[in-house]
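K.L.:
This is a predicted model, with the sequence first.
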Amino acid sequence: MTETQALTEFPRARSAECPFEPPPEFTEIRAAAPVPQLTCPAGIEARVVSRYEDVRAVLANQGASSRGAPSMHMMEHPNLNMSVVPGSILRMQGPEHRRLRRLLGPEFMPKRSESMRDYVRKVVDEHIDALLAGPKPADLVPDFAWPIPALIVGELLGLPEEDRTLFYEHTGIMMSAATDQPTKDAADGRMWEYMETVVAAKQAEPGDDVLSRLIRRGEESGQPLTFTELVGIGTTLLIAGHDTTANSISMSALLMMVHRDQMEPLRTDPKLAGPAVEEMLRYLSVPQFGLLRYATEDIPLGESTIKAGEWLVAALQSGNRDEQEFDDPDRFDVTRKPRPHLTFGFGEHQCPGQHLARTELQEVCLRLLERIPSLRLAIPFEDLVFKDEHYAFGVESLPVTWDDDTSA
(Lines give C-alpha, C1' and ligand atoms only; values in the text may rest on other atoms or scores of the structure.)
Protein backbone atom coordinates (compact mmCIF):
# COMPACT_ATOMS: atom_id res chain seq x y z
CA MET A 1 0.00 0.00 0.00
CA THR A 2 1.38 3.43 -0.96
CA GLU A 3 1.43 6.41 1.35
CA THR A 4 -1.33 8.01 -0.73
CA GLN A 5 -3.52 4.93 -0.41
CA ALA A 6 -2.90 4.90 3.34
CA LEU A 7 -3.85 8.56 3.74
CA THR A 8 -7.12 8.80 5.65
CA GLU A 9 -7.19 12.34 7.07
CA PHE A 10 -7.27 15.73 5.42
CA PRO A 11 -3.63 16.94 5.14
CA ARG A 12 -2.09 19.65 7.28
CA ALA A 13 -2.49 23.14 5.89
CA ARG A 14 1.23 23.60 5.33
CA SER A 15 4.43 21.61 5.01
CA ALA A 16 6.20 21.01 8.31
CA GLU A 17 9.51 21.90 6.63
CA CYS A 18 8.55 25.21 4.99
CA PRO A 19 5.47 27.30 5.86
CA PHE A 20 5.24 28.59 2.29
CA GLU A 21 4.69 25.06 0.97
CA PRO A 22 1.41 23.11 0.93
CA PRO A 23 1.55 19.68 2.60
CA PRO A 24 3.47 17.14 0.48
CA GLU A 25 0.49 14.77 0.53
CA PHE A 26 -1.19 16.91 -2.12
CA THR A 27 1.57 16.13 -4.61
CA GLU A 28 0.90 12.41 -4.09
CA ILE A 29 -2.87 12.87 -4.30
CA ARG A 30 -2.63 14.76 -7.60
CA ALA A 31 -0.47 12.02 -9.06
CA ALA A 32 -2.28 8.91 -7.85
CA ALA A 33 -5.67 9.62 -6.33
CA PRO A 34 -7.12 12.97 -7.42
CA VAL A 35 -10.40 12.62 -5.50
CA PRO A 36 -9.78 10.45 -2.41
CA GLN A 37 -12.28 10.35 0.44
CA LEU A 38 -10.65 11.69 3.60
CA THR A 39 -11.79 12.48 7.13
CA CYS A 40 -11.89 16.20 7.93
CA PRO A 41 -11.56 17.78 11.39
CA ALA A 42 -15.31 18.47 11.29
CA GLY A 43 -15.83 14.73 11.45
CA ILE A 44 -17.22 14.43 7.94
CA GLU A 45 -15.92 12.32 5.08
CA ALA A 46 -15.15 14.50 2.07
CA ARG A 47 -13.81 13.88 -1.41
CA VAL A 48 -10.69 16.01 -1.84
CA VAL A 49 -10.35 17.59 -5.30
CA SER A 50 -6.70 18.43 -5.84
CA ARG A 51 -5.94 19.02 -9.54
CA TYR A 52 -6.18 22.48 -11.08
CA GLU A 53 -8.67 21.62 -13.81
CA ASP A 54 -10.76 19.48 -11.46
CA VAL A 55 -10.95 22.29 -8.90
CA ARG A 56 -12.16 24.68 -11.60
CA ALA A 57 -14.68 22.14 -12.87
CA VAL A 58 -16.12 21.55 -9.40
CA LEU A 59 -16.38 25.24 -8.52
CA ALA A 60 -18.10 25.96 -11.84
CA ASN A 61 -20.61 23.11 -11.35
CA GLN A 62 -24.10 24.13 -10.20
CA GLY A 63 -24.39 20.76 -8.46
CA ALA A 64 -21.63 21.69 -5.99
CA SER A 65 -23.51 23.63 -3.32
CA SER A 66 -21.71 26.13 -1.10
CA ARG A 67 -24.18 25.65 1.78
CA GLY A 68 -21.40 24.43 4.10
CA ALA A 69 -19.54 27.75 3.94
CA PRO A 70 -15.98 28.06 2.58
CA SER A 71 -13.95 26.10 5.14
CA MET A 72 -16.34 24.66 7.69
CA HIS A 73 -14.78 21.21 7.21
CA MET A 74 -11.86 22.39 9.36
CA MET A 75 -14.01 23.15 12.41
CA GLU A 76 -14.68 20.61 15.11
CA HIS A 77 -18.40 19.90 15.60
CA PRO A 78 -19.77 22.53 13.18
CA ASN A 79 -23.46 22.92 12.43
CA LEU A 80 -23.36 21.94 8.77
CA ASN A 81 -27.15 21.99 8.48
CA MET A 82 -27.71 25.54 9.70
CA SER A 83 -29.96 27.66 7.51
CA VAL A 84 -28.46 30.15 5.09
CA VAL A 85 -28.98 33.73 6.24
CA PRO A 86 -30.36 36.04 3.50
CA GLY A 87 -27.53 38.10 2.04
CA SER A 88 -24.87 35.58 3.02
CA ILE A 89 -23.57 35.38 -0.53
CA LEU A 90 -20.76 32.93 0.35
CA ARG A 91 -23.33 30.22 1.13
CA MET A 92 -26.19 31.06 -1.22
CA GLN A 93 -27.02 29.23 -4.46
CA GLY A 94 -29.33 29.61 -7.43
CA PRO A 95 -31.46 32.56 -8.61
CA GLU A 96 -31.35 34.50 -5.33
CA HIS A 97 -27.57 34.31 -5.23
CA ARG A 98 -27.33 35.44 -8.84
CA ARG A 99 -29.71 38.34 -8.15
CA LEU A 100 -27.51 39.61 -5.32
CA ARG A 101 -24.30 39.14 -7.31
CA ARG A 102 -25.78 41.13 -10.23
CA LEU A 103 -26.66 44.00 -7.91
CA LEU A 104 -23.25 43.84 -6.23
CA GLY A 105 -21.20 43.33 -9.41
CA PRO A 106 -20.82 46.99 -10.48
CA GLU A 107 -19.21 47.81 -7.13
CA PHE A 108 -16.25 45.53 -7.76
CA MET A 109 -15.52 45.94 -11.44
CA PRO A 110 -11.84 46.64 -12.24
CA LYS A 111 -12.62 50.27 -13.11
CA ARG A 112 -14.30 50.88 -9.74
CA SER A 113 -11.41 49.27 -7.86
CA GLU A 114 -8.90 51.31 -9.85
CA SER A 115 -10.77 54.48 -8.88
CA MET A 116 -9.88 53.70 -5.26
CA ARG A 117 -6.13 53.41 -5.95
CA ASP A 118 -5.34 56.96 -4.83
CA TYR A 119 -7.15 56.38 -1.54
CA VAL A 120 -5.40 53.03 -1.08
CA ARG A 121 -2.01 54.63 -1.71
CA LYS A 122 -2.82 57.41 0.75
CA VAL A 123 -3.69 54.88 3.48
CA VAL A 124 -0.56 52.83 2.78
CA ASP A 125 1.67 55.93 2.87
CA GLU A 126 0.13 57.12 6.12
CA HIS A 127 0.97 53.81 7.76
CA ILE A 128 4.50 53.86 6.37
CA ASP A 129 4.85 57.38 7.79
CA ALA A 130 3.80 56.05 11.18
CA LEU A 131 6.23 53.14 10.94
CA LEU A 132 9.15 55.42 10.10
CA ALA A 133 8.26 57.85 12.86
CA GLY A 134 7.91 55.12 15.48
CA PRO A 135 10.30 52.84 17.32
CA LYS A 136 12.22 49.92 15.86
CA PRO A 137 11.55 47.10 15.60
CA ALA A 138 7.94 47.51 14.52
CA ASP A 139 5.35 44.81 14.07
CA LEU A 140 3.88 44.83 10.57
CA VAL A 141 0.80 42.84 11.61
CA PRO A 142 -0.94 45.27 14.03
CA ASP A 143 0.87 48.38 12.74
CA PHE A 144 0.37 47.86 9.01
CA ALA A 145 -1.32 44.73 7.64
CA TRP A 146 -4.44 44.79 9.82
CA PRO A 147 -5.44 48.47 9.83
CA ILE A 148 -4.96 49.12 6.09
CA PRO A 149 -7.70 46.82 4.72
CA ALA A 150 -9.94 47.76 7.66
CA LEU A 151 -9.82 51.40 6.63
CA ILE A 152 -10.34 50.55 2.97
CA VAL A 153 -13.34 48.27 3.50
CA GLY A 154 -14.68 50.88 5.90
CA GLU A 155 -14.40 53.49 3.15
CA LEU A 156 -16.09 51.11 0.72
CA LEU A 157 -19.05 50.51 3.05
CA GLY A 158 -19.23 54.11 4.21
CA LEU A 159 -18.60 53.27 7.86
CA PRO A 160 -18.02 56.15 10.29
CA GLU A 161 -14.28 56.79 10.51
CA GLU A 162 -14.23 56.13 14.24
CA ASP A 163 -15.67 52.62 13.63
CA ARG A 164 -13.32 51.43 10.93
CA THR A 165 -10.93 49.57 13.18
CA LEU A 166 -13.42 48.20 15.70
CA PHE A 167 -13.84 44.75 14.16
CA TYR A 168 -10.24 43.39 14.26
CA GLU A 169 -10.92 41.11 17.20
CA HIS A 170 -14.22 39.83 15.87
CA THR A 171 -12.92 38.91 12.42
CA GLY A 172 -9.95 37.11 13.96
CA ILE A 173 -12.29 35.04 16.13
CA MET A 174 -14.67 34.22 13.31
CA MET A 175 -11.93 33.25 10.85
CA SER A 176 -10.11 30.81 13.13
CA ALA A 177 -10.80 27.10 12.81
CA ALA A 178 -9.67 26.74 16.44
CA THR A 179 -12.52 28.93 17.74
CA ASP A 180 -15.35 26.97 19.33
CA GLN A 181 -18.82 27.49 17.88
CA PRO A 182 -20.34 29.43 20.84
CA THR A 183 -17.48 31.96 20.75
CA LYS A 184 -17.75 32.23 16.99
CA ASP A 185 -21.53 32.73 17.22
CA ALA A 186 -21.09 35.47 19.84
CA ALA A 187 -18.61 37.37 17.63
CA ASP A 188 -20.91 36.88 14.65
CA GLY A 189 -23.79 38.27 16.66
CA ARG A 190 -21.88 41.40 17.61
CA MET A 191 -20.86 41.98 13.99
CA TRP A 192 -24.46 41.47 12.87
CA GLU A 193 -25.81 43.92 15.44
CA TYR A 194 -23.27 46.53 14.40
CA MET A 195 -24.16 46.14 10.72
CA GLU A 196 -27.88 46.48 11.54
CA THR A 197 -27.18 49.97 12.86
CA VAL A 198 -25.14 50.81 9.75
CA VAL A 199 -27.82 49.60 7.32
CA ALA A 200 -30.59 51.38 9.21
CA ALA A 201 -28.61 54.63 8.91
CA LYS A 202 -28.04 54.09 5.17
CA GLN A 203 -31.72 53.41 4.57
CA ALA A 204 -32.67 56.59 6.43
CA GLU A 205 -30.02 58.71 4.73
CA PRO A 206 -28.21 57.05 1.77
CA GLY A 207 -24.72 58.28 0.94
CA ASP A 208 -22.09 57.50 -1.69
CA ASP A 209 -21.00 54.01 -0.68
CA VAL A 210 -21.61 50.37 -1.58
CA LEU A 211 -24.55 49.83 0.76
CA SER A 212 -26.29 53.03 -0.29
CA ARG A 213 -25.85 52.24 -3.96
CA LEU A 214 -27.17 48.71 -3.38
CA ILE A 215 -30.27 50.19 -1.78
CA ARG A 216 -30.87 52.46 -4.78
CA ARG A 217 -29.98 49.78 -7.35
CA GLY A 218 -32.34 47.27 -5.74
CA GLU A 219 -35.20 49.77 -5.79
CA GLU A 220 -34.53 50.63 -9.43
CA SER A 221 -34.56 46.94 -10.37
CA GLY A 222 -38.02 46.47 -8.94
CA GLN A 223 -36.66 43.92 -6.46
CA PRO A 224 -35.49 46.01 -3.50
CA LEU A 225 -33.10 44.34 -1.09
CA THR A 226 -34.56 43.51 2.29
CA PHE A 227 -33.05 44.84 5.49
CA THR A 228 -31.74 41.36 6.34
CA GLU A 229 -30.17 40.94 2.90
CA LEU A 230 -28.35 44.25 3.23
CA VAL A 231 -27.09 43.35 6.70
CA GLY A 232 -25.93 39.94 5.42
CA ILE A 233 -24.10 41.46 2.46
CA GLY A 234 -22.51 44.17 4.59
CA THR A 235 -21.34 41.71 7.23
CA THR A 236 -19.92 39.34 4.60
CA LEU A 237 -18.00 42.14 2.86
CA LEU A 238 -16.73 43.50 6.17
CA ILE A 239 -15.30 40.15 7.29
CA ALA A 240 -14.09 38.80 3.94
CA GLY A 241 -12.76 42.17 2.80
CA HIS A 242 -10.64 42.58 5.88
CA ASP A 243 -9.28 39.29 7.19
CA THR A 244 -8.08 37.61 4.00
CA THR A 245 -6.54 40.82 2.65
CA ALA A 246 -4.83 41.61 5.96
CA ASN A 247 -3.18 38.20 6.04
CA SER A 248 -2.25 38.51 2.36
CA ILE A 249 -0.52 41.82 3.11
CA SER A 250 1.54 40.42 5.98
CA MET A 251 2.49 37.27 4.05
CA SER A 252 3.37 39.23 0.91
CA ALA A 253 5.60 41.54 2.94
CA LEU A 254 7.31 38.51 4.44
CA LEU A 255 7.77 36.97 1.01
CA MET A 256 9.34 40.21 -0.22
CA MET A 257 11.84 40.18 2.63
CA VAL A 258 12.71 36.50 2.21
CA HIS A 259 13.05 36.76 -1.57
CA ARG A 260 14.72 40.15 -1.75
CA ASP A 261 16.41 39.32 -5.07
CA GLN A 262 13.01 38.74 -6.67
CA MET A 263 11.98 42.29 -5.79
CA GLU A 264 14.73 44.09 -7.69
CA PRO A 265 12.92 44.07 -11.08
CA LEU A 266 9.79 45.42 -9.39
CA ARG A 267 11.76 48.18 -7.66
CA THR A 268 12.91 49.55 -11.01
CA ASP A 269 9.75 48.83 -13.03
CA PRO A 270 6.44 49.44 -11.19
CA LYS A 271 4.53 47.95 -14.14
CA LEU A 272 5.66 44.54 -12.89
CA ALA A 273 3.56 44.96 -9.75
CA GLY A 274 0.58 43.26 -11.39
CA PRO A 275 2.36 40.03 -12.39
CA ALA A 276 4.34 40.01 -9.13
CA VAL A 277 1.17 40.17 -7.02
CA GLU A 278 -0.43 37.40 -9.08
CA GLU A 279 2.57 35.19 -8.37
CA MET A 280 2.38 36.03 -4.67
CA LEU A 281 -1.31 35.13 -4.62
CA ARG A 282 -0.66 31.81 -6.38
CA TYR A 283 2.38 30.89 -4.33
CA LEU A 284 0.95 31.79 -0.93
CA SER A 285 -2.60 30.45 -1.44
CA VAL A 286 -3.77 32.34 1.64
CA PRO A 287 -7.23 30.61 1.75
CA GLN A 288 -5.28 27.60 2.95
CA PHE A 289 -8.00 25.02 3.66
CA GLY A 290 -9.80 25.18 0.34
CA LEU A 291 -13.56 25.44 -0.21
CA LEU A 292 -16.16 23.04 1.17
CA ARG A 293 -18.96 22.00 -1.17
CA TYR A 294 -21.89 19.56 -1.04
CA ALA A 295 -22.83 17.54 -4.13
CA THR A 296 -26.54 17.90 -4.87
CA GLU A 297 -26.13 15.69 -7.95
CA ASP A 298 -23.52 13.37 -9.40
CA ILE A 299 -20.45 15.31 -10.55
CA PRO A 300 -18.17 13.53 -13.06
CA LEU A 301 -14.45 14.30 -12.79
CA GLY A 302 -12.39 12.46 -15.37
CA GLU A 303 -12.58 8.78 -14.50
CA SER A 304 -14.10 9.52 -11.08
CA THR A 305 -17.57 10.58 -9.99
CA ILE A 306 -18.50 12.50 -6.87
CA LYS A 307 -21.88 11.11 -5.87
CA ALA A 308 -24.87 13.20 -4.88
CA GLY A 309 -24.92 13.53 -1.11
CA GLU A 310 -21.13 13.56 -0.73
CA TRP A 311 -19.13 16.42 0.72
CA LEU A 312 -16.10 17.60 -1.22
CA VAL A 313 -13.23 20.03 -0.67
CA ALA A 314 -11.82 22.02 -3.58
CA ALA A 315 -8.16 22.25 -2.51
CA LEU A 316 -7.14 25.64 -3.91
CA GLN A 317 -3.62 25.39 -2.53
CA SER A 318 -3.09 22.08 -4.31
CA GLY A 319 -4.45 23.34 -7.62
CA ASN A 320 -2.13 26.35 -7.41
CA ARG A 321 0.85 23.96 -7.26
CA ASP A 322 -0.34 21.56 -9.99
CA GLU A 323 2.65 20.51 -12.12
CA GLN A 324 0.37 20.10 -15.13
CA GLU A 325 -0.52 23.80 -15.08
CA PHE A 326 2.53 25.61 -13.70
CA ASP A 327 6.17 25.00 -14.60
CA ASP A 328 8.21 24.31 -11.48
CA PRO A 329 5.19 25.31 -9.35
CA ASP A 330 7.02 25.24 -6.00
CA ARG A 331 9.37 28.00 -7.16
CA PHE A 332 8.44 31.61 -6.37
CA ASP A 333 9.12 33.62 -9.52
CA VAL A 334 7.74 37.14 -10.04
CA THR A 335 8.77 36.98 -13.72
CA ARG A 336 6.54 33.95 -14.30
CA LYS A 337 4.10 34.45 -17.15
CA PRO A 338 0.79 35.04 -15.40
CA ARG A 339 -1.73 32.21 -15.57
CA PRO A 340 -5.08 32.30 -13.77
CA HIS A 341 -4.65 30.96 -10.24
CA LEU A 342 -7.30 29.65 -7.87
CA THR A 343 -6.71 31.84 -4.84
CA PHE A 344 -9.90 33.83 -5.41
CA GLY A 345 -11.85 30.68 -6.24
CA PHE A 346 -13.66 30.12 -9.53
CA GLY A 347 -17.19 30.14 -10.91
CA GLU A 348 -20.16 32.06 -9.58
CA HIS A 349 -18.73 32.27 -6.05
CA GLN A 350 -15.39 33.71 -7.14
CA CYS A 351 -14.37 36.47 -4.72
CA PRO A 352 -16.21 39.66 -5.73
CA GLY A 353 -13.54 41.87 -4.13
CA GLN A 354 -10.58 40.34 -5.96
CA HIS A 355 -9.78 43.46 -8.02
CA LEU A 356 -9.71 45.69 -4.94
CA ALA A 357 -7.53 43.16 -3.11
CA ARG A 358 -5.09 43.24 -6.03
CA THR A 359 -4.99 47.02 -5.91
CA GLU A 360 -4.23 46.96 -2.19
CA LEU A 361 -1.44 44.39 -2.56
CA GLN A 362 0.12 46.20 -5.50
CA GLU A 363 0.27 49.50 -3.62
CA VAL A 364 1.63 47.82 -0.49
CA CYS A 365 4.44 46.17 -2.44
CA LEU A 366 5.34 49.25 -4.47
CA ARG A 367 5.31 51.69 -1.56
CA LEU A 368 7.26 49.43 0.80
CA LEU A 369 9.92 48.84 -1.85
CA GLU A 370 10.21 52.54 -2.68
CA ARG A 371 10.05 53.99 0.81
CA ILE A 372 11.66 51.31 3.00
CA PRO A 373 14.00 49.41 0.66
CA SER A 374 16.03 48.06 3.59
CA LEU A 375 13.00 46.53 5.33
CA ARG A 376 13.95 43.19 6.87
CA LEU A 377 13.00 40.76 9.59
CA ALA A 378 14.04 41.74 13.11
CA ILE A 379 13.96 38.12 14.33
CA PRO A 380 15.06 34.83 12.76
CA PHE A 381 12.58 33.43 10.25
CA GLU A 382 12.44 30.24 12.34
CA ASP A 383 10.98 32.20 15.26
CA LEU A 384 7.90 33.37 13.36
CA VAL A 385 4.58 31.86 14.45
CA PHE A 386 2.20 31.06 11.61
CA LYS A 387 -1.59 30.82 11.68
CA ASP A 388 -1.95 27.11 11.04
CA GLU A 389 -5.53 27.03 12.41
CA HIS A 390 -6.77 30.13 10.60
CA TYR A 391 -8.85 29.99 7.43
CA ALA A 392 -6.56 32.64 5.92
CA PHE A 393 -2.90 31.71 6.22
CA GLY A 394 -0.89 34.40 7.94
CA VAL A 395 1.63 35.17 10.62
CA GLU A 396 0.79 36.11 14.20
CA SER A 397 3.49 38.76 14.44
CA LEU A 398 5.99 40.18 11.95
CA PRO A 399 8.76 42.14 13.71
CA VAL A 400 10.75 44.23 11.21
CA THR A 401 13.49 46.81 11.17
CA TRP A 402 15.25 49.00 8.59
CA ASP A 403 18.27 51.24 8.14
CA ASP A 404 18.27 54.62 9.87
CA ASP A 405 18.95 56.51 6.66
CA THR A 406 15.64 55.38 5.09
CA SER A 407 13.92 58.45 3.71
CA ALA A 408 10.49 59.29 5.09
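P.N.:
In hand now; what should we look at?
K.L.:
Secondary structure element for residue 46, which one?
P.N.:
Counting by DSSP states H and E, the element that carries residue 46 is strand 45-49.
K.L.:
quick one: buried residues of the helix or strand just after that strand?
P.N.:
Counting by DSSP H and E, the next helix or strand C-terminal to strand 45-49 is helix 52-60. Along helix 52-60, these residues count as buried under the neighbour rule (16 or more other Cβ atoms under 10 Å): 52, 54-59. In short, each C-beta sits where N, CA and C put it, glycine included.
K.L.:
Low-confidence ranges, the stretch 1-150 of the chain, go.
P.N.:
Regions of the stretch 1-150 of the chain meeting the criterion pLDDT under 70 cover residues 1-6, 68-69, 77-79.
K.L.:
Show me where it has its helices.
P.N.:
Counting by DSSP state H, counting those that start in this stretch, the stretch 1-150 of the chain has helices at residues 3-6, 25-32, 52-60, 94-104, 110-115, 117-133, 140, 147-157.
K.L.:
hmm, back to that, dump the buried residues of helix 52-60 into TSV; add distance to residue 160 as well.
P.N.:
Shown next, in TSV, are the buried residues of helix 52-60 (distance: Cβ to Cβ, whole Å):
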residue	distance to residue 160
52	43
54	45
55	40
56	40
57	44
58	41
59	36
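K.L.:
which among these gets closest to residue 381?
P.N.:
residue 52 (29.2 Å; Cβ to Cβ).
K.L.:
Spit out the contact partners of the closest one.
P.N.:
The contact partners of residue 52, by Cβ atoms under 8 Å, 6 or more residues apart in numbering, come to 319-320, 322, 324-325, 342.
K.L.:
try it again with 10 Å
P.N.:
The neighbours of residue 52, taking Cβ atoms under 10 Å, 6 or more residues apart in numbering as the test, are 30, 316, 318-326, 329, 339-342, 346.
K.L.:
What's the first helix or strand after the longest helix along the chain?
P.N.:
In the chain, taking DSSP state H as the definition, the longest helix is helix 227-258. Next helix or strand after helix 227-258 toward the C-terminus (DSSP H and E): helix 260-268.
K.L.:
how big is the angle separating the helix or strand following that following helix from helix 227-258?
P.N.:
Per DSSP H and E, the first helix or strand lying C-terminal to helix 260-268 is helix 273-284. Here the directions of helix 273-284 and helix 227-258 differ by 90 degrees (axes from the mean of the first three to the mean of the last three Cα atoms, to 10 degrees).
K.L.:
how many neighbours does residue 248 have?
P.N.:
Neighbour count of residue 248, defined by other Cβ atoms under 10 Å: 27.
K.L.:
Need the nearest residue in space to it, chain neighbours excluded.
P.N.:
The shortest distance from residue 248 to any non-neighbouring residue, by Cβ to Cβ, 6 or more residues apart in numbering, is to residue 286 (5.0 Å).
K.L.:
Ok, residue 368 next?
P.N.:
Leaving aside its chain neighbours, residue 368 sits nearest to residue 375 (6.0 Å; criterion: Cβ to Cβ, 6+ apart).
K.L.:
Assign residue 182 to helix, strand or coil.
P.N.:
Following DSSP: H, G, I helix; E, B strand; the rest coil, we place residue 182 in the helix state.
K.L.:
And it, what's its pLDDT?
P.N.:
Here, the pLDDT recorded for residue 182 equals 80.
K.L.:
who's in contact with residue 359?
P.N.:
Neighbouring residues of residue 359 by Cβ under 10 Å, 6+ apart: 110, 113-117, 119-121, 152, 273, 277, 353.
K.L.:
Flag the shaky bits of the stretch 301-408 of the chain, pLDDT-wise.
P.N.:
Ranges of the stretch 301-408 of the chain meeting pLDDT under 70: 405-408.
K.L.:
picking up where we left off before, now, which of the contacts of residue 359 sits nearest residue 221?
P.N.:
Distance to residue 221, by Cβ to Cβ, is smallest for residue 353 among those, at 21.6 Å.
K.L.:
That closest one: neighbouring residues, count only.
P.N.:
Residue 353 is flanked by 23 other residues according to other Cβ under 10 Å.
K.L.:
ok, now the one 3 residues further on?
P.N.:
The burial metric for residue 356, expressed as a neighbour count using other Cβ under 10 Å, is 25.
K.L.:
Name the next helix or strand following the helix or strand in which it is found along the chain.
P.N.:
If you go by DSSP H and E, residue 356 is part of helix 354-371. The first helix or strand that comes after helix 354-371 along the chain, using DSSP H and E, is strand 376-377.
K.L.:
For that next one, name the packing helices and strands.
P.N.:
Counting contacts by 3 or more Cβ pairs under 10 Å, 6 or more residues apart in numbering; DSSP states H and E, strand 376-377 packs against helix 227-258, strand 399-401.
K.L.:
Could you report the distance from the residue nearest to residue 368 to residue 247?
P.N.:
18 Å (Cβ to Cβ, to the nearest Å).
K.L.:
what about those two, which has more around it?
P.N.:
Each of residue 375 and residue 247 has its neighbours counted (other Cβ under 10 Å); residue 247 has more, 26 against 22.
K.L.:
how close does the closest residue to the more buried one other than its chain neighbours sit to residue 31?
P.N.:
Distance criterion Cβ to Cβ, 6+ apart; nearest residue to residue 247, sequence neighbours excluded, is residue 394 at 3.2 Å. Going from residue 394 to residue 31 by Cβ to Cβ gives 29 Å.
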